[in-house]
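Engineer: need coordinates for the below:
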Amino acid sequence: MIPEIGHFSLILALLVALVLGTFPIIGAARGNTVWMGLARPAAKAQFFLIAVAFVSLAYTFASMDYSVIYVAANSNSKLPLQYRIAAVWGGHEGSLLLWAMILSIWTVAVSLFSKHLPDAMRARILGVMGLVSVGFILFMLTVSNPFERLIPAALDGRDLNPLLQDPGMVFHPPMLYMGYVGFSVAFAFAIAALLGGELDAAWARWSRPWTTLAWLFLTVGLMGGSNWAYYELGWGGWWFWDAVENASFMPWLVGTALIHSLAVTEKRGSFKAWTVLLAICAFSLSLLGTFLVRSGVLTSVHAFATDPKRGMFILVFLVIVIGGSLGLFAWRAPTVGRGGKFSVVSRESFLLANNVLLAVAAFSVLLGTLYPLFLDALGLGKISVGPPYFDTVFAPLMAPALFLMGIGPIARWKSAALPELAMRLRWAFGVSVVTAVVLPMVLGHWTPMIGLGLFLAFWIIATSVYMVYQRLRGHEQSLLTRVKAVPRSWWGMVIAHLGIAIFTLGVTVVKGFESEIAVRMLPGDVAHLAGYDFTFEGVQDSQGPNYTASRGLLRVTKNGVERTVLAPEKRLYTVQNMPMTEAGISPHIIHDLYASLGEPLSDGAWSVRIYHKPMVEWIWAGCAMMAFGGLLALSDRRYRMKKRREKESMPNEVVA
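Structural biologist: Sure thing, here's the model as predicted:
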């Protein structure tokens with residue numbers, strides 16, 4: 001009965017989404033306030049109905065109802081409850097329902113927190129989001145129904161993929177999808193502005209906090225996914241450039257460009273057409289990434305052939321959304337004003353250059369992700385595009401982008417002078433160069449890539465310190481008063497940029513100075529790495545809820561003093577008979593000590609791999625700082641709806 005309730009709720013949600021996606025937009029075009037007024041109640045009704053469907057599916061997993069095909073394929077009676085709930089989004093059909101659920105959350109949030117917007121603008125925004133919902137709900141109901149029955153019911157399920165049976169599965173996909181789907185708000189704002197011809201500073205100001213919030217969620221999702229891969233896969237990598245990671249990284253790159261472009265549009269009235277194009281591209285890449293990951297295309301380019309209905313729906317939906325929005329942009333873009341003029345050397349120019357570099361970097365990732373798929377689909381052979389391609393193409397694009405990050409916030413709007421910039425930044429440049437040369441020598445060795453990475457990291461740090469000093473210097477007020485007087489959005493920018501620097505520093509040091517050994521160890525054997533002694537104390541068998549495990553014990557000492565104990569595991573998930581590696585990690589701000597247990601050898605020995613990862617935790621600390629910077633920017637008083645409504649309700653007053 002519960003699955004039928006969920007399925008019926010989706011049918012009703014489709015009808016409501018059709019109303020939401022048509023009547024408000026038509027009403028805005030005709031000036032019909034009644035039709036425009038349908039947007040907010042329809043958004044709330046859609047949220048309620050999709051929530052009922054989502055809860056229904058979660059209940060079928062929790063109650064182990066194996067008469068539902070999707071539940072039988074992704075759950076098992078031995079699976080712990082938290083992973084049965086997380087299995088709701090562990091496969092294609094459920095992840096689409098999560099997509100629709102989160103889209104309905106964003107839609108109802110916009111309806112609740114956009115009362116200050118003009119009625120026609122709000123109706124168009126919610127209407128566009130309703131049309132996107134129509135596509136996803138229709139996709140589920142036609143070819144990806146999560147409530148489809150299995151007759152007769154299975155006695156037990158096939159279990160969730162053991163790789164996904166991790167706390168990361170509970171938090172990572174929802175966070176990632178909050179970012180993915182959040183860009184639909186920026187997309188809807190852009191399309192609504194194109195439809196209404198209202199591409200002005202107010203439109204950018206309305207769109208900016210929603211875009212920042214989506215970017216924040218995506219940043220946290222990427223950080224969580226990277227950390228999950230680091231400890232789960234067992235070989236110490238934190239980014240693999242695989243297609244699934246790239247699918248979420250591309251929208252982040254374009255979203256980062258979009259945030260900066262919106263700032264210029266809001267403050268200077270420039271980049272209007274470019275900003276709209278970035279909003280369209282960010283959401284288009286989110287759609288493309290979601291469908292690529294969940295359609296099976298990334299594991300087999302013949303997935304469309306094995307399920308032609310699903311493949312055709314995906315293609316048609318992508319063509320309608322991406323092609324339609326780009327067609328609207330091409331039609332409306334010539335009517336958009338150019339905005340304020342600026343010279344070649346100005347803050348606008350530096351921000352534009354950074355935007356272009358980020359967009360080209362996203363395209364290079366897209367090319368490396370899709371090119372092997374196209375070759376295979378055309379029968380031209382199989383190739384693998386891996387880290388060598390991305391390292392070769394991506395790093396040269398990011399290096400100038402990071403360098404410009406230090407200059408852009410310091411340059412003046414409209415026009416700046418290079419000699420003046422050089423004088424203001426000479427100390428930051430000198431400190432960065434000296435650090436890039438001396439620090440590697442202290443750490444052990446110098447290479448051009450290590451030197452470049454350290455230079456860019458300390459360049460951003462030094463220029464940020466200079467910015468803060470220039471902003472706070474003065475003697476008339478106390479330091480605390482001056483700090484409070486600076487807008488939170490400015491502090492958010494500084495902290496996010498420092499997060500990029502910390503991230504770059506962590507990446508440079510771990511890639512340049514990490515070390516590892518692979519050894520054969522019997523109980524009592526000692527391995528040596530990076531000044532530490534790793535004593536292998538043997539393996540003990542243990543039993544999990546749905547797996548058996550062999551847990552190794554490595555006692556770590558340095559100069560005879562015990563520092564930590566590592567406990568890597570080798571697990572066998574019994575339902576699917578699938579082995580998994582659980583790394584033993586001792587995290588520290590200076591370095592991580594990391595061990596993974598390999599296979600047992602014939603004489604009672606085990607193969608063990610041990611890693612020394614200097615400053616790897618700084619990678620995720622940098623990501624956390626970026627996210628915190630975004631959160632701080634969101635708390636800026638300009639985005640507090642109550643105050644903004646008060647200001648906009650008093651047009652004759654001069655607001656400081």
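
Engineer: burial check on Thr557, number of neighbours?
Structural biologist: Look at Thr557: counted by other C-beta atoms under 10 Å, it has 14 neighbours. Just so you know, the C-beta spots here come from the backbone N, C-alpha and C atoms, and that holds for glycine as well.

Engineer: to clarify, my last question referred to Gly386.
Structural biologist: Other residues within reach of Gly386 by the criterion other C-beta under 10 Å amount to 13.

Engineer: can you check Arg347 too?
Structural biologist: Other residues near Arg347 come to 22 when the count uses other C-beta under 10 Å.

Engineer: any idea where the helices of the stretch 51-200 of the chain begin and end?
Structural biologist: Counting by DSSP state H, counting those that start in this stretch, residue ranges of the helices within the stretch 51-200 of the chain are 69-74, 81-86, 92-112, 119-143, 167-196.

Engineer: what's the closest of those helices to Lys558?
Structural biologist: Between Lys558 and those, the tightest spacing by C-beta to C-beta is seen for helix 167-196, at 30.4 Å.

Engineer: whichever helix or strand comes after the closest one: how far from the chain's middle?
Structural biologist: Once helix 167-196 ends, the next helix or strand along the chain (criterion: DSSP states H and E) is helix 201-232. Between the mean C-alpha point of helix 201-232 and the mean C-alpha point of its chain there is a distance of 5 Å (C-alpha atoms, centre = their mean, to the nearest Å).

Engineer: okay, angle between helix 201-232 and helix 119-143 too, please.
Structural biologist: With axes from the mean of the first three to the mean of the last three C-alpha atoms, to 10 degrees as the basis, helix 201-232 and helix 119-143 are set at 40 degrees to each other.

Engineer: what are the buried residues along whichever helix or strand comes after helix 201-232?
Structural biologist: The first helix or strand that comes after helix 201-232 along the chain, using DSSP H and E, is helix 243-268. For helix 243-268, a neighbour-count test (16 or more other C-beta atoms under 10 Å) marks 243-266, 268 as buried.

Engineer: now do the SS call for Ile610.
Structural biologist: Secondary structure of Ile610, reduced to three states by DSSP: H, G, I helix; E, B strand; the rest coil: strand.

Engineer: bridging residues for it?
Structural biologist: Beta-bridge pairing of Ile610, defined through DSSP bridges, involves Ile517, Ala595.

Engineer: that one reaches Phe534, doesn't it?
Structural biologist: Yes - using C-beta atoms under 8 Å, Ile610 makes contact with Phe534 at a distance of 5.7 Å.

Engineer: quick check: neighbours shared by those two?
Structural biologist: Both Ile610 and Phe534 are contacted by 527, 554, 595, under the criterion C-beta atoms under 8 Å, 6 or more residues apart in numbering.

Engineer: check contacts around the most centrally placed residue in the chain.
Structural biologist: Most central in the chain under C-alpha atoms, centre = their mean is Leu218, positioned 2.8 Å from the mean C-alpha point. Residues in contact with Leu218, defined by C-beta under 8 Å, 6+ apart, are 175-176, 178-180, 182-183, 248, 251-252, 255.

Engineer: 7 Å instead?
Structural biologist: The neighbours of Leu218, taking C-beta atoms under 7 Å, 6 or more residues apart in numbering as the test, are 176, 179-180, 251-252, 255.

Engineer: pLDDT score assigned to it?
Structural biologist: According to the predicted model, the pLDDT of Leu218 comes to 95.

Engineer: re the thing from before, Ile610 and Phe534: which is more packed in?
Structural biologist: Ranked by neighbour count (other C-beta under 10 Å), Ile610 and Phe534 place Ile610 first, with 27 against 21.

Engineer: from Ala42, how far off is the closest residue to Leu20 other than its chain neighbours?
Structural biologist: Using C-beta to C-beta, 6 or more residues apart in numbering and skipping residues adjacent in sequence, the residue nearest Leu20 is Gly130, 3.1 Å away. As defined by C-beta to C-beta, to the nearest Å, Gly130 lies at a distance of 7 Å from Ala42.

Engineer: need the residues touching each of those two.
Structural biologist: When contacts are counted by C-beta under 7 Å, 6+ apart, Gly130 and Ala42 have Leu20 as shared neighbours.

Engineer: all strands of the chain, in order?
Structural biologist: Under the criterion DSSP state E, the chain contains strands at 515-521, 526-529, 532-543, 547-558, 561-566, 569-573, 578-582, 584-586, 591-600, 606-614.

Engineer: right, so of those strands, which gets closest to Met312?
Structural biologist: Once C-beta to C-beta is applied to these, the stretch that comes out nearest is strand 578-582, at 32.8 Å.

Engineer: residues making contact with that closest one?
Structural biologist: 162-163, 234, 568-573, 596-597.

Engineer: switch the cut-off to 6 Å
Structural biologist: Residues outside strand 578-582 that contact it (C-beta atoms under 6 Å, 6 or more residues apart in numbering): 162, 234, 569, 571-572, 596.

Engineer: can I get those in a markdown table including distance to Pro545?
Structural biologist: Rendered in a markdown table, the data for these read as follows (distance: C-beta to C-beta, whole Å):
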| residue | distance to Pro545 |
| --- | --- |
| Pro162 | 12 |
| Gly234 | 21 |
| Glu569 | 14 |
| Arg571 | 11 |
| Leu572 | 13 |
| Ser596 | 22 |
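
Engineer: among these, show me the least confident.
Structural biologist: Here the lowest pLDDT out of the contacts of strand 578-582 sits on Gly234, with 75.

Engineer: was I right to think that one contacts Ser596?
Structural biologist: Yes - the pair Gly234 and Ser596 qualifies as a contact (C-beta atoms under 6 Å) at a distance of 4.1 Å.
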